[in-house]
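Novice: sequence plus the predicted model coming up.
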Amino acid sequence: MKDTAVDMVVVEGERHTHVLLSGEMDLLSAPSVRERLWELVSERPLVVDVSGVSFFDAEGLRIVAATARRGLECGTGMALVGMRPFPEKMFRILRMHEEVPLCSSAREALWCLLPRTDEEIEGWLD
């Protein structure tokens, strides 16, 4: 069995954390990814770009769903960006998209996660 790994780049935004993942999310790599994602989502809203993830197995999908639930428990939340067609199909079949927003862009993900400020709302009303 070959070693698999997921590379993770974490970028701190003003009000959220953006994570870029690449590699394979499988039984071997998912536990270390879960640990770090849980740490991050416990602190701030999390946008996870999975466009570089070439493969998800059941454990990889489970880690994503568990991280999203952790975000809900902590009051932060998580959204995914860049899901490839096959894993997205699995997310939808398993109805995981009801727990984890699947977004087409980081901007859309932020709309799903961040509460609007009074200034932003006031600007829309003017």
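Specialist: That came through, no problem.
Novice: what packs against the top helix by length along the chain?
Specialist: Longest helix in the chain, counting residues (DSSP state H): helix 58-74. The criterion is 3 or more Cβ pairs under 8 Å, 6 or more residues apart in numbering; DSSP states H and E, and the helices and strands that helix 58-74 contacts are strand 17-25, helix 30-41, strand 46-56, strand 78-81, helix 85-93. Any C-beta I mention is one placed from the backbone N, CA and C, and that applies to glycine too.
Novice: so which of those is the most surrounded?
Specialist: strand 78-81 (a mean of 26; mean count of other Cβ atoms under 10 Å).
Novice: for it, which strands pair with it and how are they oriented?
Specialist: The partner list of strand 78-81 in its sheet, established with DSSP bridges, is strand 46-56 (parallel), strand 102-103 (parallel).
Novice: what about it, average pLDDT?
Specialist: Summarised as a single mean, pLDDT over strand 78-81 is 95.
Novice: including mean pLDDT and distance to Leu27, could the strands paired with strand 78-81 go into CSV?
Specialist: What follows is the strands paired with strand 78-81, written out as CSV (pLDDT from 0 to 100; distance: least, Cβ to Cβ, whole Å):
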stretch, mean pLDDT, distance to Leu27
strand 46-56, 93, 11
strand 102-103, 94, 23
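Novice: so for Pro87, which of these sits nearest?
Specialist: Closest approach to Pro87 among the strands paired with strand 78-81 is made by strand 46-56 (4.4 Å; Cβ to Cβ).
Novice: all set now, cheers.
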